[in-house]
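Asks: below are the sequence and a predicted model for it; my questions follow.
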Amino acid sequence: MPHLLPSPSRPMLPLLKGGVGTLLLGGAILAIPQAQATEISIACGAGDASDYCPELARQWAEQTGNSVKVISTPNDTTEKLSLFQQLLSSRSSDIDVMMVDIVWPGLLDDHLLDLSEYLPEGATDDYFPALIDNNTIDGRLVAMPWYTDAGLLYYRKDLLEKYGYPAPETWQELTETASAVQAAEREAGNDDFWGFTFQGRAYEGLTCNALEWVASYGGGTLVDEEGEVTIDNPRAAAALDLAASWIGNIAPKGALNHTEEETRGIFQSGNALFLRNWPYVWSLSQEDGSEVVGKVGMAPLPHGPEGESKATLGGWNFAASRYSEHPELAADLVAYLTAAPQQKAHAVKMGRNPTIESLYQDEAVLASNPAMGDLYETLRHGVARPASVTGDAYARVSNAFFNIAHLVLAGDVAADQAVAQLSDELERIGRRGW
């Protein structure tokens, strides 16, 4: 079967020529010369200004002489997943290509094309290995990475300089620095100031935070690559113990109900020294109206005494349905969307983090957002949630983890008891194999 991956160094050549066809985007109709146009559909984001997928789909249609129908999907990721599961379970051919969250390949893999059958050998070599591994289920490459995220530590560089502290390298250093600066700022009159803000609500965001704590302590990733449950260990318990000590001390008790935006609000209003969040915060913190313009630094997340910095990977990928009536074209569109030129444009115009390593040394990408260069090592050493290995059970695995972590943060369960309980629950979930 011929491969259809466009070269990063030149635009993709049209597959079909002659005739007349249409490109369908938001009701607009574009005439395209072609011999025998084929329409395929792609499910992107919500169709708002930040959704770059329709523009790239239009470019692909112009270059190939086919037409693309862009289908908007719900903003809510749970609703989006439910929509895809419903369509795929019914073997519907209504959607050929879909944008999938980083934790979905293991949930949807039975319904997705093996893209390695359509791509040339070595086509994935330039991408972050962890992302390719995440998207490879039982040896099948079921999605190609489009853009990525990873947890980062934001800090008030002006306040660290004022009080003579470096950016922390360990979680213990963060705890001590946050406590000292919080006390000094409150003594100076800011009673609303906190040392650290993070996502502590019982939801997927807490899975991301808690996985970073545990993995950076050398406590594993809940379930290892062989499917063995590994969470019941002293290092994992120590990580959760330290996190519980933050609540009400260097982090507000309200952290137990905070998501990304609540934590960004606290930090961006000037009321926190440290913030754990995703890369999108950088540009927002530098916009007009932000209280911290020019005062923000970024660093890898801290680590435990016996571990190394670990950032949970996030981001989105493109996959092709096994039920597509045009699998070659669907795979070709996936290849085009995720190729280097399109990722570069996505980074420059929309600030999204590429999944191709070389783009983190690209002058245009760095000029558009100098923080991109700082992200490289963080992304390179990112930790994936155990979604690929646990497959259909991942939602239950994550629910179990964030619920028990929330109980530890709230002081309702001791960390050593929590990891033992969680281990038992995960063993039950995976009893018949993942």
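Replies: Arrived safely. Residues are numbered from 1 along each chain as shown.
Asks: nearest residue to the middle of the protein?
Replies: Closest to where the C-alpha atoms of the chain average out (CA atoms, centre = their mean) is residue 314, at 1.3 Å.
Asks: mind checking the SS state of the nearest residue to that residue once chain neighbours are set aside?
Replies: Excluding the flanking residues, the one nearest residue 314 by CB to CB, 6 or more residues apart in numbering is residue 149, at 3.6 Å. C-betas here are computed from N, CA, C, even on glycine. Taken by DSSP: H, G, I helix; E, B strand; the rest coil, the conformation at residue 149 corresponds to strand.
Asks: list the residues that contact residue 337.
Replies: By CB atoms under 8 Å, 6 or more residues apart in numbering, the residues touching residue 337 are 53, 56-57, 60, 97, 144, 146, 318.
Asks: strands along the stretch 301-434 of the chain, start to end?
Replies: For the stretch 301-434 of the chain, the strands defined by DSSP state E, counting those that start in this stretch occupy 313-320, 353-354.
Asks: export those strands to CSV and tack on distance to residue 236 and mean pLDDT?
Replies: Output for those, formatted as CSV (distance: least, CB to CB, whole Å; pLDDT from 0 to 100):
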stretch, distance to residue 236, mean pLDDT
strand 313-320, 19, 96
strand 353-354, 28, 94
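Asks: quick one: these as JSON lines, columns for distance to residue 263 too.
Replies: Formatted as JSON lines, the strands of the stretch 301-434 of the chain follow (distance: least, CB to CB, whole Å):
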{"stretch": "strand 313-320", "distance to residue 263": "15"}
{"stretch": "strand 353-354", "distance to residue 263": "19"}
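Asks: so which of those strands is the most surrounded?
Replies: Across the strands of the stretch 301-434 of the chain, averaging neighbours per residue (mean count of other CB atoms under 10 Å) puts strand 353-354 on top, at a mean of 28.
Asks: and it, what does it pack against?
Replies: Under the contact criterion of 3 or more CB pairs under 8 Å, 6 or more residues apart in numbering; DSSP states H and E, strand 353-354 touches strand 144-150, helix 340-350, helix 371-380.
Asks: which of the ones you listed sits closest to residue 176?
Replies: Of all those, it is helix 371-380 that lies closest to residue 176, at 22.9 Å by CB to CB.
Asks: how many degrees apart are the closest one and strand 144-150 in direction?
Replies: Relative orientation of helix 371-380 versus strand 144-150 (axes from the mean of the first three to the mean of the last three CA atoms, to 10 degrees): 100 degrees.
Asks: contacts for helix 371-380 next, please.
Replies: For helix 371-380, contacts defined as CB under 8 Å, 6+ apart pick out 128, 130, 148, 150-152, 279, 282, 298-301, 309, 311, 313, 347, 353, 357, 360-361, 365-366.
Asks: next, the buried residues of it.
Replies: Neighbour-count burial for helix 371-380 flags 371-372, 374-375, 378-379 (criterion: 16 or more other CB atoms under 10 Å).
Asks: can you list the weak-confidence ranges in this structure?
Replies: Scanning the chain for pLDDT under 70 picks out 1-36, 46-50.
Asks: give me the domain ranges for it.
Replies: Domain ranges of the chain: 20-142+313-377, 152-312+383-429, per automatic domain parsing.
Asks: grab the nearest non-local neighbour of residue 158.
Replies: residue 295 (4.5 Å).
Asks: can you tell me how far the one you found is from residue 156?
Replies: Counting by CB to CB, to the nearest Å, the gap from residue 295 to residue 156 is 6 Å.
Asks: so which of the two has more stuff around it?
Replies: Applying other CB atoms under 10 Å to residue 295 and residue 156 shows that residue 156 carries more neighbours, namely 22 against 16.
Asks: in terms of contact, does that one touch residue 298 like I think?
Replies: No: applying CB atoms under 8 Å, one finds residue 156 not in contact with residue 298, separated by 11.5 Å.
Asks: circling back to that earlier point, in helices, which of the contacts of helix 371-380 fall?
Replies: The helices, defined by DSSP state H, take in 130, 282, 347, 365-366 from the contacts of helix 371-380.
Asks: coming back round to it: relative to residue 139, which of the strands of the stretch 301-434 of the chain is closest?
Replies: Closest of the strands of the stretch 301-434 of the chain to residue 139 is strand 313-320, at 15.9 Å (criterion: CB to CB).
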